[in-house]
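**Q** give me a model of this one.
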Amino acid sequence: MGDYENSRSVCRAVSFTDVKIHSLFWDRILKTHHEVTIRTVINRCFESKRVENFIKAEKYLQIGLEKPLPKELEFEGRFYDDSDVYKAIEGASYSLLQYADIELEEKLDEIIDSVSSAQWADGYLMTFYTIDPQNKSRRWTDMDRHEMYNGGHLIEAAIAYYRATGKNKLLNVAIRMVEHWISIFGSDKNHWVEGHQEPELALVKLYELTGDRRYLNFSLWLLSERGSGHYISSTRPYIDDKKELFYKSEYAQDHLPVEKQSFVCGHAVRAMYMYSGMADVAKYFNKKDYIAALEKIWENTVHRNMYITGGIGSSSENEGFSDDFDLPNASAYAETCAAIGMVFFNHRMNLLHKDAKYAHIIEKELYNGILAGVSLSGDRFFYANPLEVTGQAFLEGEHKRRQEWYKTSCCPTNIARFIPCISEYIYAEDHGQLYINQYISSTGNIRINDINVNITQKTDYPWNGKIEINFSAEENVSPTLCFRVPDWCEEYSYKYSGKTGPSIHMQKGYVCMDVILEKNSTLSIDFVMTVRKTHMDPRVIEDSGKTALQRGPVIYAFEKADNPLGIDDIYITRFTRFDTIWDSQMLGGIMKLKVSTDGKQWLAIPYYTWDNREPGAMRVFVDEEIDNSRSAIIYNK
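**A** Residues are numbered from 1 along each chain as shown. The predicted model follows:
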C-alpha cells in the first residue's frame with residue numbers, strides 16, 4: 001500500500017490552540033458562536049430527540065436485545081442523526097479551549113454519559129440499529145447507512161473533548177468502536193466501503209493522537225476498497241441498468257479506485273471528506289498517485305465547478321455535482337457543509353504543496369461560502385446557498401431562507417464545529433519556513449528551529465488590506481518568511497523592519513524572504529483594496545453578460561431590503577462609480593457599497609450578510625454593459 005514516511009517532512013499548520021484571535025470582525029462571530037450557536041445546536045439536539053436516542057439505546061441494551069421493542073423506545077429521526085450530537089460535542093469542546101464555561105462542560109459530560117451507555121459490549125455504537133429488534137442481523141448490511149460516518153464524527157468529537165478537558169471517557173468509547181471495526185473488516189476479513197466518507201480523515205486524527213499505526217493503516221485500507229463494486233452490491237435498491245449503476249457509484253466516489261479518479265463528481269460533501277482523507281494518507285505513506293489524482297480533481301473542482309462565493313455542488317438532486325460549468329444561480333445548492341469540506345481539502349493541499357492557490361480558496365470560503373451559512377444572530381442557518389433569490393421563491397423555498405433547524409441538520413452542527421477552529425488556518429511552518437496564509441488580528445506562539453517566537457498580527461481585514469505583523473523571538477532566529485499575496489490583489493507593498501537576506505522572490509503565490517527575527521521585528525503589508533468586477537468563465541452560460549462585485553476577499557450582493565425599487569434592473573457600465581461606506585451599525589458592521597450608474601443608485605452588501613432582515617429578493621450577478629477593455633476582470637478559469 002505504500003511505504004510509511006515521517007509526516008514531519010510536510011508543512012504543518014500552527015494549531016488553533018497556539019493562536020488566539022483578537023479581530024473586531026471575528027471576535028463578534030466567535031463570541032456569538034459560544035454564547036448562541038453552540039447552545040442552539042445542543043438544545044436542538046435535545047428537542048429533536050437526537051440525544052434521547054442514546055438514552056433509549058441504553059435502556060434497550062439493558063432490557064435485552066431479544067425482547068420485543070417497547071413503544072416508548074422507538075428510534076426517532078434519521079439514521080445519521082447521531083453525527084449531529086457528535087459535531088455539537090466537537091464544536092463545544094473547541095469553544096471551551098477559548099472560553100472557560102463550567103455549565104457547558106457539565107452539559108457535555110451529561111451527553112457523553114448517554115453516548116457511552118449506548119455502546120454495545122463489542123464496541124459497536126449507532127442508535128439507529130441498536131433501537132431495533134432486528135439489530136443483530138441488520139448492522140453492517142448496508143454501506144449507505146452511515147455507520148462509519150457517524151463513527152468518524154464520534155472520533156473527532158472524542159479527540160476534541162480530550163484536548164479541551166483532558167477527560168478520556170469519550171475517547172475510550174471511540175477507541176473501543178474502532179477496535180470493533182478493525183476486528184471485522186480488513187484485507188483478510190470483510191469488505192467495506194462507507195457510503196458517506198468521514199472515518200478516513202478521523203482515523204488519521206486518532207493515529208496522530210495515539211500513535212497507533214493500525215488506525216492509519218485502516219484509513220488507507222478503507223480508501224483502497226473504493227472502485228471495486230462493493231458499495232453498489234451493498235446499497236439498496238440494486239439497479240441493473242449500467243448507466244444508473246455508474247451514476248450511483250459516482251454519487252459516493254466509488255466509480256474508480258481513488259488513485260485513478262481525475263474529476264469531481266457525486267455528492268459534494270462526501271467528495272470533499274474523501275479528498276481530505278486521501279491527502280492525509282498521502283502525507284504519511286508518500287502516496288504520489290493519490291497526490292496526482294487530487295491535483296487533477298482540484299483543478300476540475302475550482303476551475304469548472306465552483307461558484308465565485310466558493311460554493312460547490314450545484315445540483316439539489318444529488319446534493320452535488322452535475323456537468324462542468326453548470327452553475328445556475330437561483331437553483332444553486334452549494335451546501336454549507338460542502339464549503340466547509342472545501343476548507344478541509346484545500347488546507348491539506350496547502351500543507352502538502354506550500355502553494356498559495358489553496359489558501360486563496362480557504363479565504364474565499366471563510367468570508368463567503370461558509371460565513372453565509374449562519375445568521376449574524378448565530379441561531380439561524382442556511383443549508384443551501386443560492387446566488388439569486390426572487391421574492392416569491394424566498395417565501396416558498398425551504399432552502400432559500402435561513403432556518404432554525406432542519407430534519408437533516410448537518411450544516412448547523414458543522415458550522416458549530418468549524419468556527420472555533422478558524423485560527424488553525426492562519427500560519428504554517430516547515431523546517432524554518434514560516435507561512436502566513438490568512439490575515440486575521442491575532443496573537444500566536446510558534447516554534448521555529450526550536451526557538452519560541454511570539455507573533456502579533458494587527459489588521460482590519462477583510463475591510464482594509466493593511467497588515468502589521470510583529471515578531472518577538474526569545475533569541476535571534478533566521479527563518480524564511482513567506483506571506484501570501486491574495487489572488488484578488490493587483491497592487492501591494494511591504495516593508496520589513498529587521499535584516500533580510502539577498503533573495504526576496506515570489507514562490508507559488510508567496511513573497512519569500514530570508515529574515516532575522518529579533519526581539520522586536522515588524523512586517524508591514526498593504527494590499528490595495530479596490531472594487532472589482534468579477535466574471536465567470538464564458539462557458540457558464542447563465543452568467544454571460546453579467547458581472548459580480550468583489551472588494552478584497554468579500555463578494556457583494558444586492559438585496560431588496562436596501563433597494564426598495566427592486567433589484568432586477570440593476571446594471572453596471574464602464575462608467576459606473578463605486579463608493580465604499582463603512583457602517584458600524586449595519587449588519588454587525590460592514591463595508592457597504594454604493595453603486596451609481598447613469599444617475600441611478602443601488603446599495604450592495606457582503607453576500608454573507610444577506611437574509612438577516614426582512615424576507616426579500618437577492619442577487620449576486622447583475623447585467624453589465626460590455627466594452628472592449630477588460631482591465632478589471634477576473635475569470636474563474
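**Q** drop to CA atoms for contacts and neighbour counts, all remaining ones
**A** Noted.
**Q** what's the helix or strand for the most centrally placed residue in the chain?
**A** By Cα atoms, centre = their mean, the chain has its centre lying nearest to residue 340, at 1.5 Å. According to DSSP states H and E, residue 340 maps onto helix 336-353.
**Q** buried residues, that helix. List them.
**A** Going by neighbour count (16 or more other Cα atoms under 10 Å), the buried part of helix 336-353 is 336-352.
**Q** ok, now stretch 56-64?
**A** 56, 57, 58, 60, 61.
**Q** looking at the residues you listed, spot the one nearest residue 234.
**A** Residue 234 lies nearest to residue 57 out of these, by Cα to Cα, at 25.4 Å.
**Q** returning to what we had before: the next helix-or-strand element following the helix holding residue 340 to helix 336-353, inter-axis angle?
**A** Once helix 336-353 ends, the next helix or strand along the chain (criterion: DSSP H and E) is helix 356-364. Inter-element angle recorded for helix 356-364 and helix 336-353: 150 degrees (by axes from the mean of the first three to the mean of the last three Cα atoms, to 10 degrees).
**Q** so what touches helix 356-364?
**A** 309-310, 342-343, 346-347, 349-350, 437-438, 484-487, 508-510, 553-554 (Cα atoms under 8 Å, 6 or more residues apart in numbering).
**Q** for residue 462, helix, strand, or coil?
**A** coil (DSSP: H, G, I helix; E, B strand; the rest coil).
**Q** so how far is residue 554 from it?
**A** 7 Å (Cα to Cα, to the nearest Å).
**Q** how about residue 177, nearest residue that isn't a chain neighbour?
**A** residue 123 (4.5 Å; Cα to Cα, 6 or more residues apart in numbering).
**Q** name the SS class of the one you found, please.
**A** With three-state DSSP as the criterion, residue 123 reads coil.
**Q** possible to save the buried residues of stretch 56-64 as JSON lines with pLDDT?
**A** Formatted as JSON lines, the buried residues of stretch 56-64 follow (pLDDT from 0 to 100):
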{"residue": "56", "pLDDT": "93"}
{"residue": "57", "pLDDT": "93"}
{"residue": "58", "pLDDT": "92"}
{"residue": "60", "pLDDT": "87"}
{"residue": "61", "pLDDT": "87"}
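**Q** in TSV: those residues, plus secondary structure and distance to residue 141.
**A** Listed next are the buried residues of stretch 56-64 as TSV, based on DSSP: H, G, I helix; E, B strand; the rest coil; distance: Cα to Cα, whole Å:
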residue	secondary structure	distance to residue 141
56	helix	22
57	helix	20
58	helix	22
60	helix	21
61	helix	20
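**Q** which among these gets closest to residue 44?
**A** residue 56 (17.5 Å).
**Q** distance of the closest one from residue 75?
**A** 8 Å.
**Q** mutual contacts of these two, please.
**A** residue 131.
**Q** residue contacts, residue 369?
**A** 309, 310, 311, 336, 339, 385, 608.
**Q** same check on residue 538?
**A** residue 544.
**Q** sec struct for it, please.
**A** Residue 538 ends up coil, using three-state DSSP.
**Q** quick check, pLDDT for it.
**A** We have a pLDDT of 95 for residue 538.
**Q** residue 305 versus that one, what's the distance?
**A** 13 Å.
**Q** any residues in contact with both of those two?
**A** In contact with both residue 538 and residue 305: no residue, using Cα under 8 Å, 6+ apart.
**Q** residue 462 and residue 554: which has the busier surroundings?
**A** residue 554 (24 against 19; other Cα atoms under 10 Å).
**Q** pretty sure residue 60 contacts residue 74?
**A** No - between residue 60 and residue 74 there is no contact under Cα atoms under 8 Å: 9.6 Å.
**Q** find residues that contact each of these two.
**A** Shared contacts of residue 60 and residue 74, counting by Cα under 8 Å, 6+ apart, come down to residue 131.
**Q** need the strands for the stretch 301-450 of the chain, in chain order.
**A** 388-389, 427-430, 433-436, 442-448 (DSSP state E, counting those that start in this stretch).
**Q** run the chain-centre distance for whichever helix or strand comes after the last one.
**A** Spelled out, it's strand 442-448. Heading C-terminal from strand 442-448, the first helix or strand you meet, by DSSP H and E, is strand 451-459. Distance of strand 451-459 from the chain centroid (Cα atoms, centre = their mean, to the nearest Å) equals 26 Å.
**Q** tilt between strand 451-459 and strand 442-448?
**A** Using the same axes, to 10 degrees: strand 451-459 against strand 442-448 is 150 degrees.
**Q** what's near enough to touch the residue nearest to the centre of the chain?
**A** 365, 370, 414, 415, 418.
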